[in-house]
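> sequence below, structure please.
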Amino acid sequence: MEEVLGQNSVPPHGSIDKSRILDVKPLRSLIPIYSMSNQTPPADQYPSGFSPFFPFGAPQQTPTGVSTKGAATPAPLRAYRSPLGTGDSATMEGFNDQDTSGKKKRGRPLPQRHSRSDKPKKIQEPPVDLSAVVGFTAAQREDGSREVVNLVLMAFDALRRRLCQLEEAKELSSGSIKRADLKACNTLMTKGVRTNMTKRIGSVPGIEIGDIFFFRMELCVVGLHAPSMSGIDALHIMGEFEEETLAVSIVSSGEYDDDAEDSDVIIYTGQGGNFFKKDKHAIDQKLKRGNLALDKSSRQHNEIRVIRGMRDGINPNSKIYVYDGLYKIQDSWIEKAKGGGGVFKYKLIRNPGQPSAFNVWRSVQKWKSGSHSRAELIISDLSNGAESIPVSLVNEVDNVKAPTFFNYFHSLRHPKSFSLMQPSHGCTCPKACVPGDLNCSCIRRNEGDFPYTGNGILVSRRQLVHECGPTCQCFPNCKNRVSQTGLKHHMEVFKTKDRGWGLRSLDPIRCGTFICEYAGEVVDRAKVSQLAREGDEYVFDTTRIYSEFKWNYEPKLLEEVGPNDASEEYSLPYPLVITAKNVGNVARFMNHSCSPNVFWQPVLYEENNQSYLHVAFFALRHIPPMTELTYDYGFARSEHAEGSSAVKGRKKCLCGSSKCRGSFG
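Here you go, the predicted model:
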């Protein structure tokens with residue numbers, strides 16, 4: 001960089017000739033986005049212990065005169081040994097790209113090794129397309145929809161949870177898995193379980209502003225942002241005279257010196273230069289690859305998708321990625337960094353008229369910290385201290401001050417026990433139950449699998465989940481007591497426009513996370529009709545018919561021995577009916593939806609050789625903050641048997657889902 005540039009100076013727009021400052025070469029003479037040589041990148045180009053992950057194909061060599069466009073196949077997963085969160089930044093020098101012409105690239109053949117024995121070579125079979133098993137077609141792999149995006153994300157997380165379960169139980173025969181998210185992504189890519197492979201400028205089908213992702217790999221499998229590590233994604237397009245590269249999406253995760261506090265403006269830092277790396281000398285960033293794509297976009301004024309990386313409040317070592325909508329580059333300049341090197345700066349402005357996303361997060365943080373008051377707040381803690389985390393009550397719709405009176409209670413009142421077929425005492429684990437330890441009686445009751453991952457995420461829907469109970473000798477903080485530990489998120493009861501009171505969370509909720517138990521009074525099954533006549537709208541009846549859905553991982557994706565092909569239908573030892581009209585917790589405020597984001601799971605734990613059945617709610621998918629929590633109320637078996645014409649007792653559904661059944665109850 002020239003010495004005339006001052007520290008953090010912002011020259012006037014258009015006052016700098018970038019071609020004189022930097023060594024700029026024509027696009028056709030640059031190293032392609034996918035390096036076509038067989039040389040590996042410099043060692044300091046990626047974080048220590050990492051290799052680049054190419055979601056759309058590995059670098060291969062192209063002979064002279066042959067078009068570089070072609071459909072690439074997923075690269076095999078390499079050794080990723082860095083801890084979780086290391087590869088979350090835009091620290092790669094360069095970025096991935098995608099070719100879509102349908103031609104295969106050829107790489108330079110490896111030298112043959114001769115041996116004395118003429119053993120037949122093993123022919124590598126092409127990857128098996130299992131997208132239909134998950135529930136969508138090959139055409140939907142190119143261009144998705146909301147339903148397909150949800151299917152792919154659920155398949156990814158289900159597979160990742162299962163891999164974590166196997167790793168924690170030490171049941172893997174092919175070594176350990178340091179990053180289950182990378183392994184899950186590579187498996188889905190190989191099996192064709194992905195969507196929105198057609199790279200595009202602008203919005204991505206099926207992805208809505210405000211959607212959240214807990215892993216960078218999720219951005220890859222749904223086509224929102226292709227590179228697994230680089231913060232800049234780009235697309236080749238044919239210009240008037242030559243092919244040029246435009247940026248289509250960026251990830252601003254805070255690793256670079258980005259100014260991303262404004263909800264509508266981002267000052268994005270270019271990539272490269274060894275900035276913020278220990279024992280690395282900062283050098284000038286080059287106008288190539290991602291920086292060149294952003295520079296081209298600043299002139300073309302094309303829309304760029306922006307994904308913001310937010311610090312996870314529950315796990316400070318990881319991030320949550322929020323899709324914040326479409327932006328355009330308004331200005332760009334060069335300034336000196338603290339380390340002495342020159343960096344590119346790009347000012348992106350959010351397109352007007354888009355739904356709030358990042359702004360919602362900022363508001364929630366202010367409410368939780370107490371730095372910003374809310375005029376709509378009625379009660380700061382509806383639970384009156386019964387929950388370890390306060391439950392706020394707000395009304396932004398009308399002047400109603402509170403819901404109908406009830407007594408707040410966090411669990412079941414007057415629960416009914418039943419004797420086990422084979423009486424057994426609680427586990428005798430000395431500290432905490434350890435996954436894979438078949439000496440633990442609670443693990444044996446779960447068919448040998450620990451039902452939760454190490455961070456308390458439910459692995460699979462089961463007929464029954466057996467948790468450790470009061471008679472177990474393990475510590476109270478045992479990971480097999482997830483549903484007994486109370487709320488873990490800041491819940492808020494709020495007034496809806498047309499469905500009474502509802503429930504939402506101020507915190508983002510990860511797929512498989514425990515939300516709350518359905519608390520209330522246990523009543524006899526014979527009283528259900530009487531409660532209905534009395535207008536009790538807070539009855540949970542396990543004998544109702546609920547819409548089927550698949551949430552567990554697909555065994556064919558893993559090809560494991562003894563696949564987990566158990567039915568996801570519940571098999572309860574006896575029917576459980578709960579009314580929360582007079583006694584209950586936040587679960588009584590959850591409304592019905594035909595496309596819910598929450599599901600219920602029966603949970604058992606023992607006390608004095610008696611089992612007690614509970615209803616626990618878990619997140620069906622990732623849920624952004626301030627999103628209403630809903631589950632499927634189902635409908636009575638008597639009405640189902642009489643046919644669709646029986647609507648007595650049913651209520652009109654106002655969920656607004658594209659799959660709305662019209663009524664429930």
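
> and the closest residue to Lys416 other than its chain neighbours, what is it in contact with?
Computed as C-beta to C-beta, 6 or more residues apart in numbering, the closest residue to Lys416 that is not its neighbour in sequence is Val522, at 5.5 Å. Just so you know, the C-beta spots here come from the backbone N, C-alpha and C atoms, and that holds for glycine as well. Going by C-beta atoms under 8 Å, 6 or more residues apart in numbering, Val522 touches 412-416, 576-578.

> quick check, Phe618 in contact with Pro596.
No. Using C-beta atoms under 8 Å, Phe618 is not in contact with Pro596, being 11.2 Å away.

> now Phe156: how far from Ile207?
14 Å (C-beta to C-beta, to the nearest Å).

> where does the prediction get shaky in this structure?
1-127, 172-175, 255-257, 275-281, 420-424, 560-566, 638-649 (pLDDT under 70).

> quick check: Leu487 touching Ser388?
Yes. Assessed by C-beta under 8 Å, Leu487 is found in contact with Ser388 at 6.8 Å.

> which one of these two is surrounded by more residues?
Leu487 (21 against 11; other C-beta atoms under 10 Å).

> so what's the more buried one up against?
Here Leu487 is in contact with 387-389, 391, 515-516, 586 (C-beta under 8 Å, 6+ apart).

> please repeat the previous calculation with a cut-off of 6 Å.
387, 389 (C-beta atoms under 6 Å, 6 or more residues apart in numbering).

> which helix or which strand is home to it?
Using DSSP states H and E, Leu487 is not contained in any helix or strand.

> quick one, helices of the stretch 351-500 of the chain?
Ranges of helices in the stretch 351-500 of the chain, per DSSP state H, counting those that start in this stretch, are 358-369, 441-445.

> for Arg350, find the nearest of those helices.
Minimum separation from Arg350 across these (C-beta to C-beta) falls at helix 358-369, 8.8 Å.

> neighbours of Ser657, how many?
Ser657, neighbours per other C-beta under 10 Å, totals 13.

> same thing with Phe617?
Neighbour count of Phe617, defined by other C-beta under 10 Å: 22.

> residue contacts, Leu224?
204, 207.

> secondary structure element holding Gly254?
Going by DSSP H and E, Gly254 is not in any helix or strand.

> any idea how far it is from Met310?
From Gly254 to Met310 the distance is 9 Å (C-beta to C-beta).

> Ile320 is in contact with Gly309, correct?
No. Using C-beta atoms under 6 Å, Gly309 is not in contact with Ile320, being 7.4 Å away.

> picking up where we left off before, can I get the helices of the stretch 351-500 of the chain in a markdown table including mean neighbour count and distance to Ile314?
Output for the helices of the stretch 351-500 of the chain, formatted as a markdown table (neighbours: other C-beta atoms under 10 Å; distance: least, C-beta to C-beta, whole Å):
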| stretch | mean neighbour count | distance to Ile314 |
| --- | --- | --- |
| helix 358-369 | 16 | 13 |
| helix 441-445 | 20 | 25 |
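
> a markdown table for those, including distance to Ser230?
Shown next, in a markdown table, are these (distance: least, C-beta to C-beta, whole Å):
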| stretch | distance to Ser230 |
| --- | --- |
| helix 358-369 | 21 |
| helix 441-445 | 42 |
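
> Leu130: which of those is closest?
Here helix 441-445 is closest among the helices of the stretch 351-500 of the chain (C-beta to C-beta), at 30.2 Å.
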